Structures are given as C-alpha cells and as structure tokens.
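Trainee: the amino acid sequence is not available; the structure is as follows:
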C-alpha cells in the first residue's frame, strides 16, 4: 500500500520540480524587472525622453513660447561652430578646467599623502579640511562674494594692510580668480578620493621598497603614483565633466537664472551661455543644441572610460557563490 | 618617521586647516557687522559692536521661514523616496538575475557620469506642458526614480550578504519582496545613513532645480539666499547675506561634524568607481 503511494507520488513530485526548474528563471527575471522598474521608468521618463525632446527642439527655432516653431534641421548645430560667443565660452571653460582640475587634484593628492601619515588628530584634520566641500554651492559662492567684496571683503583688507591698492575683484578681469579660488576651496573632495586610493595600496609593497632602500620620494613616484593612476584619471575626467557643467559663476554674480546673460565675460563659461540662451534670449532651439553637444561629448568620454577601465574596474564585488 | 618631521607635518596641516576654515570665519564675522561697518574701507576684522539684529533682519527681509519649509519639504520627499527606491533597485541588481541585467547595469553606471543639468531644462519644459511646474511632483518623480550612485552603493552592500540567508528565507516561503523588506533592508543601515545624508544635503544645496521649477514666492532657501538680500537700489546687503548664509549653511556643517564618517564613506566609494 505504502509502496504504491510513494510510486504514485514520486513522478508527480518530479514533474513539479522539473516544471519549476524551467519556470524559475522566468519568474526570477520577472522579479528582477519588478525591482529595477522604478529606476528604469525614471531613466526612460526623466532622462531618455527629455533628451529626445531636447533633440527635437534642437532641430527647431523654438523660443519656448510661440506655438509656431519651424524645423530648421541642423542649422543650430552649424551655428554652434560659428557663434563667437559659444566658441569663446568653450575656450574659457577649457582654461577654467585647465587651471582648476590639475590644481585641485594635486592639492588633494598632497593633502591625502600628508593625512595618511600616522600623526595625532588626523581624523579631525581630515574632517576639517574636507569641511568646505560639504558647504552647499550657494553658501560657498556667497561666502566668496563677501571675502572679495570691494569694501568690506577680507581680500582687500589684507591688501590694504600690506599697503597695496584695493582691487575690484567681482568684475572683469579679476572675477575669474575668485572663481578659481572658490573651486579650489573644495579640494577636500579630491583629498578624500585620493586618500581612499592610498589606503588601498598594500602596505607590504611600501615596506618592501623601504627595505630595499628606496627613499620616500622614490616610493611616491614609483609605487604610489602609478597605483593611484586610475583614481587620478577618474578625477581628471570627472573634473573636466564638472567644469563643462559649472554654473558657479552665476552664483558669484546675480544669483538668478535670468541673470545668466549678465555674468562677467571672464566667467562666461559654456553652461552660463546655455542658461543665457534659454532664460535671457529664449532661444530654446539653439540652447538645446548646445546641451546636446555637451551630452554627446560627455557620453563619448564615459564610453571611453568604461572601455578603458574594463580591466581595472573596482566596482564588481560579485556576491559569493556566483560565477 | 622622526619626531621633528611629524611635528613639521602637523604644523603644515594645521596651517592648511586655518586657511580652509578662514572663509567660514569671515562669513561669521561679517554676519555680525553693522551697515556702517560694511560701507567703510578698509574693512574691520572684528565687528565693533556685534549686531545680532542682522539675523532677525535676514529672516524678515526674505520669506525665510517659508523658504525653509519648502527646502525641508523637498529634502524630505527626496530623501525618503530616493533612499527607498535606490535600496529597492539596488537589491534587484545585487540579488536577482535576468536577461539584459548586465547591459542595464552598464547603463546605470553610465548615468552616474551623465550630467543631470543636461536633462533638467528639457524636463522642465515637459513638466511645464503637464502643468506640474511650481508643485512638488517633479521631486516625487525624481525620488521614485532613485539615484544611480545610491543604487550602486546599495547594490554593493547587498551583494556582500551571504546567499544562505536568502535561501533560508525562500525555504521558509518568503518572497523576494519580503526578503528585501525584512532581511536585507534592516541590515543595510550604514548605506541607508549615507544615502539619507547625501540626498538630504544634495536637496538642501540644490539651486538650479528649485530656481527653474518653483516660482519666486514658493522657492527654497538656496534660491532665496542667492538673490534675495538686495536693497532698493538692487545692491546686495552683505551683512544680511552673511547672516542668512550662516543660518542656511550651519545645519549642513553640524550634520557633517556629527556624521562625518558617513559623508566620507559615501564620497570615497564614489572615487573608487
């Protein structure tokens, strides 16, 4: 009796597991898509669709208001390469990146190396040096406006203490130095990133070098810098991308989007020009084309990094037991 | 390392700290100066007579309390929705598999590099067509979409949790939603803390979003600070600017000093990718 029962049951149980095995990946796949759905929908609705809409706009002469817009083809894109304001804003952004990106990274790296030494209170020192990087952008810009104020600013206070003439900082041609100083004030961010990279360098390597009689400078140039190179590369690329998008000059002058057109020439960066085209000139089509050029450039850079860093990637910590 | 060397290093770093903190000190000093002091040159270093009325003036000159409320509302919406959604999606990427997952993960990583600002203006135009400008709905949508970076952080954390835990739960008849909610989420509090801090400070500091999506009288502190304190002639009233900025910046700095490890862990991981 009991044997027939088990005989009846066994094949049934076997078929269930077999069917289950076949269905399981499918169900798991459905669950996966259920979980990533919020991001995926957001990505489509808030990134892909707006980008597509901007692309369509970039092919028109839309001013955002009048219902009649005309299709102009790639005219806006052609104009980008002939518009002296756009080209000069690009050149200024290049100069801005060329000055601030290497200086920030270098300052961050030096600080990171110093703060990686066994000295007393180094946790607090790290926190305090990093502190400016967490000040909200508006707060930081306002602070620098106060420091570089013509009459009540500390910068001119120091100059007059030294017997020099006061400088009108917040207008051309000096205002771009204020912008550089503002960006460099946040070099604590670069410091933290380099510090994390430094802490990943195996101590045995440095100790071995020391045993072999290497000086600190030799360990620095031969071990630390090469091993940090992916981290430095990451910072360079991120820094350039951030420079292309920087609207800090806006916060240093009028502090409103509609004031983008009045930003001093020295600080008239690419993004400022985009804002001015949108919010002052109402040239939505042209501004969208400018945004698309920026997007294409950043996409290209990103794809290159993903390709290049494919082997040195740090992000894949596969869960245990997975291939 | 010799002792003198260590001392010299400490001195250098102490000097760097002083330089880095001096702008904040100047902000505090300026916030206590009188209008007369602001107009005289050369500037005084120490306020002659600390004028605390700057702070009350700064609150009444712009709609400070209203703007604070708007900032907090947006920060609250952003923080809760972004954190929950990012954890949810991060769990999917860490624990489930499906065809197309690898490609989606690459897209996710790529969007981390994507400048939000590029999509912001067209998004604004779309929301304007939907008559959702000057409401909080855009922030709800952004929050629900999660943040690529935080999804990545959660994914990293969840990927490190032993598989046995989840298998035991499946045998006990727990579905993946239950596994996420009852087992994985409660364990991920370090990432939740980092996520809350990063999204809160991000929303509190955001300028372009509210400047674009909200009208001047329902805007946030960041926007009100940036252009609010001007006199009848359109010139900035810098002592009020300073007082307002102190009140705007201080909460973030206090939060940072209490929770610096979470800030730093968030940022250092961002550097590793």
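Mentor: It's in. What you are looking at is a predicted structure, and each value in this text was computed from that prediction instead of being measured.

Trainee: mind checking which helix or strand the nearest residue in space to residue A:125 that is not next to it in sequence is in?
Mentor: Nearest residue to residue A:125, sequence neighbours excluded (C-beta to C-beta, 6 or more residues apart in numbering or on different chains): residue B:13, at 5.2 Å. The way it works is simple: take the backbone N, C-alpha and C, and place the C-beta from them, glycine included. Element membership of residue B:13, judged by DSSP states H and E, is helix B:3-30.

Trainee: just checking, what packs against whatever helix or strand comes next after that helix?
Mentor: Once the chain leaves helix B:3-30, the next helix or strand it forms, by DSSP H and E, is helix B:35-39. If contacts are counted by 3 or more C-beta pairs under 8 Å, 6 or more residues apart in numbering or on different chains; DSSP states H and E, helix B:35-39 sits against helix B:238-258.

Trainee: other SSEs contacting the helix it packs on?
Mentor: The contact analysis (3+ C-beta pairs under 8 Å, 6+ apart) places helix B:238-258 against helix A:137-147, helix B:3-30, helix B:35-39, helix B:53-61, helix B:189-205, helix B:221-227.

Trainee: how near is the closest residue to chain B within the stretch 201-323 of chain A to residue B:226?
Mentor: Nearest residue of the stretch 201-323 of chain A to chain B (C-beta to the nearest C-beta) works out as residue A:255 at 3.4 Å. Look at residue A:255 and residue B:226: by C-beta to C-beta, to the nearest Å, they are 3 Å apart.

Trainee: do the same with residue B:49
Mentor: According to C-beta to C-beta, residue B:49 stands 29 Å off from residue B:226.

Trainee: next: residue B:36.
Mentor: Taking C-beta to C-beta, one finds residue B:36 at 26 Å from residue B:226.

Trainee: which of these two has more neighbours?
Mentor: residue B:226 (26 against 9; other C-beta atoms under 10 Å in any protein chain shown).

Trainee: that older thread, which neighbours do residue A:255 and residue B:226 have in common?
Mentor: Residues touching both residue A:255 and residue B:226 by C-beta atoms under 8 Å, 6 or more residues apart in numbering or on different chains: A:138, A:141.

Trainee: hmm, back to that, go ahead and confirm the residue nearest to residue A:125 touches residue A:112.
Mentor: No. Residue B:13 lies out of contact with residue A:112 (C-beta atoms under 8 Å); the separation is 11.5 Å.

Trainee: more neighbours: those two, which one.
Mentor: In this view residue B:13 and residue A:112 are compared by other C-beta under 10 Å, and residue A:112 has more residues nearby, 25 against 21.

Trainee: residues in contact with stretch A:143-157?
Mentor: With contact meaning C-beta under 8 Å, 6+ apart, stretch A:143-157 is reached by A:135, A:166-170, A:178, A:181-182, A:185, A:252, B:22-24, B:26-27, B:30, B:33, B:37-43, B:45, B:236, B:238, B:241-242, B:245.

Trainee: which SS class is the residue lying closest to residue B:41 once chain neighbours are set aside?
Mentor: Of all residues not flanking residue B:41 in the chain, residue A:151 sits nearest, at 4.5 Å (C-beta to C-beta, 6+ apart). What DSSP: H, G, I helix; E, B strand; the rest coil gives for residue A:151 is coil.

Trainee: what's the local residue count around residue A:151?
Mentor: As a burial measure, residue A:151 scores 16 neighbours (other C-beta under 10 Å).

Trainee: and it, backbone torsions?
Mentor: With angles defined as degrees, to the nearest 10, residue A:151 sits at phi -100, psi -50.

Trainee: tell me how far it lies from residue A:168.
Mentor: In this view, residue A:151 and residue A:168 are 10 Å apart by C-beta to C-beta.

Trainee: pLDDT at residue 238, what is it?
Mentor: No chain specified, so I'll use chain A. We have a pLDDT of 87 for residue A:238.

Trainee: that was the other one, I meant chain B.
Mentor: The score at residue B:238 is 90. That number is its pLDDT.

Trainee: ok, it touching residue B:35?
Mentor: No. Contact criterion C-beta under 8 Å: residue B:238 and residue B:35 do not qualify, at 9.1 Å.
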